[in-house]
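Undergrad: Provided below for reference: sequence and predicted model.
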Amino acid sequence: MKKMIKLILILTVIITFLSCNKVKNISPVVKQGVLDLSSWDFEKDGSIKMDGEWEFYWNRLYAPEDFKNNIAEHTSYIQVPGTWNEQKVTSQPLPGKGFGTYHLKIKLNHSYDILGIRTSGAASAYKLWVNGKVIASNGKVSAIAGQMIPQYLPVLTGMVVNAEELEIIVQVANNFHSKGGLWDTVELGKLEQLMKEREHTTVYELFLIGIMFILFIYHIWIFLLRKSEKIALWFGLLCFTLLLRTIVTDERFLYVLFPGFNLNFGLRLEYICLSMGSLLYGVFVYYLFPLDFSKKVLKIALGLTIIELVIILFTNTEFYTSLLLWYQVSVIAIAFYLLVIVSPKSIVHKRFGAIPFFISILILIACVVNDILSSRLIIQTIYLTPFGFFLTILLQAYILASRISFAFGTMEKSTEKLSEMNIMLEQKFEQVEQSEKKFRNIINTTSLLICIMDPKSILTFVSPSFKRSLGYKTEEMEGRPASDFIHPDDIKAVYDTFEKATLNPRKLLIIEGRLIAKNGEYMDVEIRANALYESRKVISGAIVMMNDITDRKIAQRTQEENQKMLEFKVEERTLQLKAEKKKSDDLLLNILPEEVAEELKHSGRSEARQYEQVTVMFTDFVNFTGISQELTPKELVSEVDYCFKGFDDIMERHGLEKIKTIGDAYLAVCGLPNENKHHAIKAASAALDIIKFIKTRKEAGGLFEIRIGLHSGSVVAGIVGSKKFAYDIWGDAVNTASRMENCSEAGKINISESTYQLIKEAYSCNHRGKIEAKNKGLTDMYFINS
C-alpha cells in the first residue's frame, strides 16, 4: 500500500510540473501579424504554434481578394489564442457576439511541398484560407447573426504549399457562445508530424474513456448486486460524468463520430458534467465519511448545483457560458472543503482510508486547477481531470474494496443467523405435522377438496377427494408449491386471499379460482381459506377447502365469450371504418394542400384566395418530344415518373406546394397556402436541388436535361371542378414564370428581376441582360450560379 502511494505521488508531481506550469515557448512567435520562420526547419524543429499578435479586423469579413486589392484597412492586433471580448481591440472592450477577420503572414526558410494545419476550433464558426485557398472551416461564417452556424470540430488538414511565404486569413463569427474569437492555438507543421501528435492525443483520451467506462460498469454492477452499497452507485455515476466530459472536450469525439450532433445540446452537456462532477464527488465522499462530512454543506452543494443546472438547461448559450467562472468557483469551493475540513477530520478520527483519500484530493485538485486555468486560457495544456481521476482510483479502489470486504464479513454472520432460524423452522414443521394428524381421519372421509399448506404455500397434506379430482397421486402433490396446481391467472388472487386469512383468522375468506388437473384440464372451484396458528402470533400454515363449480362457470364463461365476440365485431368494424377514412384523407392530401383539405372537410367548400407574395417554379425537359419518340411508352413513363417523384421529394423537403404536371412540365409554388417571407430563397434552393438531381440522374444513365424558371409575384389559388377537381393557381406571376422557363437553358435556373431582388443576398446570380419574352417584351433575366 505504501509503495502504491509513493508511486502515485511521484506521478502527480510529474504531471503537475509538465502540465500545470506555463510553458516557456522558445519558438518564434507572431509579432504584428508576421511569423518569421526563416530559421525554423519543420523536419528538425517539429511543428510550431502560431501564437502571438495577429492582425485583426473587427466587424469585417475580408477574403483573400480584399487583401490582394488593398481593400482591407488595418485596425489593430490581437493575441491568439484568446477571445476578442477579453482583449481591448478598440477603445472599448468588444462584445462576445460579432465577427472579425484574422490575418497573418508567415516567412518560411524554404519551399515545402506539403504542410499541415491543426486546430481544435474557434468560437463559434470560422473559415480559414492559406494563400487564397480554403483549407479548413467549422460551421458557417456570416455577418448576419441568424445565418451563422456554430460548430466545434477539431481539424487537421494538409495543403500543397510550393511557396516560401504563406498568407493565412481566418474569418470568425460568433452568435452562440459568450466568448468569441480564435480561442485555441493554430498549429503549423509537416502533415505527418501533426498526424502523429493527434494520434498520441487520441490514444491518451481513448485510454481514459475506456478506464472510466469500465469503472462505471463495475461499480454500477456492485450497486445492483448490493443495493446497500450506495457509495458504489455515486462513484460509478461520477466515472460516467467524467467520461461524458472527456468525449465533448479536447478531441471532441462526440462531434467527430456524430458531425450532425446538436452543438447546443453538446455544450450544455459539457457544462452539466462540470457542475454535476463536483456534486457527485461530494456525495461519494459523504457516503465514505458520513460522520466527517456536514450534511448542511451537502445540501448547499446540491442547491447550488440545481441552480446551475436550471441556468444551463433553461437559459440561452450566451448567458450560461458567461457564468463559467462561477461554476469553476463552486468546484474549487467543494474541493477546498474536502481538503481543509473533511480530510483532516477523517485523519484525526482515524477513519479507515483517510490518508489515501487525502492524497487523492491533492491529485484531483492539481488536475482540476490545471483544467480551470486551461479553460480560462491562462495556460495552454490538455484537460487532466480524467487522468488525475484515474490516478485517484488506485487509492479509492482500496477504500471501496475494504468496505466490500467488511460487507462480506457481515453477510457471513447473517448467513449463520439464517441457518439457526432454519433449524428453528424445522422444529415448527414437526409441530405442524403433529397437528395435522388429528384432522386426517375427518379430512379423508369428506367430499370437499381439502389441502393444508405451510407458511411458504407448500402442500403438506392433500385429501383423497382432491387427488382423485385432479388425477394425481399423493407423492405427485405433497411437497410441491400450491401454485403448481393453480391457473397462472389466478395465483395472485388466491395468494392474496391466503395472506388476508393470516391477518384475520376469525374471518372465513371465499374466492373463486381454477385448478389444473393432471390431464391439463381446468377445474373451477370455490375456495375457502383459514389460517392455522401454532400460537397466537406464530402462523403454522393454512387449511384450504374447495367446492367444484365447473358446470356453473362453463355456463358463465359461454355468456362472457359471446359478449366479447360481439364487442370484437364492433371494434373490428370501427377499425375498418377508421382505415377507410384514413385512405380517403390520404387520397385528398395527394390532390390538395393539407390546410385546404382540412378546410374542405370541415366546411364542405374552400374559398379562393389572393396571395400577394409567392414564387412560382416552372420546369421543362429539354427536347422532350424528340427523346420520347425514341423510347417505348413504358420506358418514357418510367423515366418521367422517376424524375417527378424526385421533384416531389424536393418540394416536400423545401416547403413548396406541387400544383400539377402538364406533360413534361412541372409546376410548383412557394408561399401558399401558408405565407412564407423566405419563399424566393426556398424556391431557389429547391431549384438548385432539382438541377443536382437531374445531373446525378444523367450521370447514371438518365435521358433528360432540364431548364427551370422562377418568378415572384401575386397569384390567385383555389379549387376548380366538381369531378376530378384540382387545386390550381392563376395570375400574371404564373405566366411570367412560364416565360422564365421558356427563356432558360439546359441545366440553368432563369429568374426574373423580382425574384433576383429577393435572393441576391443569399445566392450569386449572373445578369443576362434584357431578353425578349413572349407577350412580355424585353425583361431583365438572371441565371442562379449553381
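TA: Everything's here; your move.
Undergrad: helices of the stretch 601-750 of the chain, start to end?
TA: Taking DSSP state H, counting those that start in this stretch as the criterion, the stretch 601-750 of the chain contains helices spanning 624-628, 633-654, 679-699, 732-742.
Undergrad: next, format those as JSON lines and append mean pLDDT, mean neighbour count and distance to Glu318.
TA: Using the backbone N, CA and C atoms, a C-beta is placed for each residue, glycine as well. Below are the helices of the stretch 601-750 of the chain laid out as JSON lines (pLDDT from 0 to 100; neighbours: other C-beta atoms under 10 Å; distance: least, C-beta to C-beta, whole Å):
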{"stretch": "helix 624-628", "mean pLDDT": "90", "mean neighbour count": "14", "distance to Glu318": "54"}
{"stretch": "helix 633-654", "mean pLDDT": "94", "mean neighbour count": "15", "distance to Glu318": "30"}
{"stretch": "helix 679-699", "mean pLDDT": "95", "mean neighbour count": "20", "distance to Glu318": "27"}
{"stretch": "helix 732-742", "mean pLDDT": "93", "mean neighbour count": "22", "distance to Glu318": "42"}
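Undergrad: any chance of those in a markdown table, with distance to Ile355 too?
TA: Formatted as a markdown table, those follow (distance: least, C-beta to C-beta, whole Å):
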| stretch | distance to Ile355 |
| --- | --- |
| helix 624-628 | 87 |
| helix 633-654 | 64 |
| helix 679-699 | 66 |
| helix 732-742 | 82 |
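Undergrad: which one of these lies closest to Val170?
TA: Ranking the helices of the stretch 601-750 of the chain by proximity to Val170 (C-beta to C-beta) places helix 679-699 first, at 27.6 Å.
Undergrad: tell me the angle the closest one makes with helix 633-654.
TA: Orientation of helix 679-699 against helix 633-654 (axes from the mean of the first three to the mean of the last three C-alpha atoms, to 10 degrees) gives an angle of 140 degrees.
Undergrad: chain center to helix 679-699, what's the gap?
TA: 31 Å (C-alpha atoms, centre = their mean, to the nearest Å).
Undergrad: where does pLDDT dip in the stretch 451-600 of the chain?
TA: 505-506, 536, 577, 579-600 (pLDDT under 70).
Undergrad: swap the cut-off to 90 and go again
TA: Counting by pLDDT under 90, the stretch 451-600 of the chain shows low-confidence ranges at 451-457, 460-471, 473-477, 482-484, 487, 489-514, 516-524, 526-600.
Undergrad: let me see the ranges of the strands in it.
TA: 459-462, 509-516, 522-533, 539-548 (DSSP state E, counting those that start in this stretch).
Undergrad: could I get those strands as TSV with mean neighbour count?
TA: Shown next, in TSV, are the strands of the stretch 451-600 of the chain (neighbours: other C-beta atoms under 10 Å):
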stretch	mean neighbour count
strand 459-462	20
strand 509-516	17
strand 522-533	19
strand 539-548	20
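Undergrad: out of those, flag the one nearest Ser47.
TA: strand 509-516 (78.4 Å).
Undergrad: and that closest one with strand 539-548, angle?
TA: Note on geometry: by the same axes, to 10 degrees, strand 509-516 and strand 539-548 are set 70 degrees apart in direction.
Undergrad: CA atoms of strand 509-516 as CSV?
TA: What follows is strand 509-516, C-alpha atoms only, in CSV (Å, rounded to 0.1, in the frame of the first residue of the first chain):
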residue,chain,number,x,y,z
LEU,A,509,-62.5,-15.8,3.2
ILE,A,510,-64.1,-17.1,0.0
ILE,A,511,-62.7,-16.7,-3.6
GLU,A,512,-63.2,-18.4,-6.9
GLY,A,513,-60.4,-19.8,-8.9
ARG,A,514,-59.2,-22.6,-11.3
LEU,A,515,-57.2,-25.7,-10.6
ILE,A,516,-55.1,-27.6,-13.2
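Undergrad: renumber starting at 507 from here on
TA: OK, 507 is where the count begins now, so the last one is strand 1015-1022.
Undergrad: longest single strand anywhere in this structure?
TA: strand 1212-1226 (DSSP state E).
Undergrad: pLDDT of that one, averaged?
TA: Across strand 1212-1226, the average pLDDT comes to 92.
Undergrad: the helix or strand harbouring Leu879 packs against which elements?
TA: If you go by DSSP states H and E, Leu879 is part of helix 860-881. Judged by 3 or more C-beta pairs under 8 Å, 6 or more residues apart in numbering; DSSP states H and E, helix 860-881 is in contact with helix 508-521, helix 769-794, helix 830-843, helix 849-854, helix 891-950.
Undergrad: which strands or helices does the third one pack on?
TA: Under the contact definition 3+ C-beta pairs under 8 Å, 6+ apart, helix 830-843 sits against helix 769-794, helix 801-820, helix 860-881.
Undergrad: which of the three states applies to the residue positioned nearest the centre of the chain?
TA: By C-alpha atoms, centre = their mean, the chain has its centre lying nearest to Phe767, at 7.1 Å. Following DSSP: H, G, I helix; E, B strand; the rest coil, Phe767 is assigned to coil.
Undergrad: tell me the contacts of it?
TA: Leu760, Tyr761 (C-beta atoms under 8 Å, 6 or more residues apart in numbering).
Undergrad: next one: phi and psi at it?
TA: phi -60, psi 140 (degrees, to the nearest 10).
Undergrad: from Gly783, how far off is it?
TA: Distance from Phe767 to Gly783, counting by C-beta to C-beta, to the nearest Å: 21 Å.
Undergrad: mind checking how far Gly602 is from Arg624?
TA: Taken as C-beta to C-beta, the span from Gly602 to Arg624 is 25 Å.
Undergrad: same check on Val1000?
TA: For Val1000, the distance to Arg624 (C-beta to C-beta) stands at 72 Å.
Undergrad: next one: Thr755
TA: Taken as C-beta to C-beta, the span from Thr755 to Arg624 is 16 Å.
Undergrad: swap in Gln538?
TA: 24 Å.
Undergrad: neighbour count: these two, which is higher?
TA: In terms of neighbours (other C-beta atoms under 10 Å), Arg624 is the more surrounded of Gln538 and Arg624; the figures are 23 against 11.
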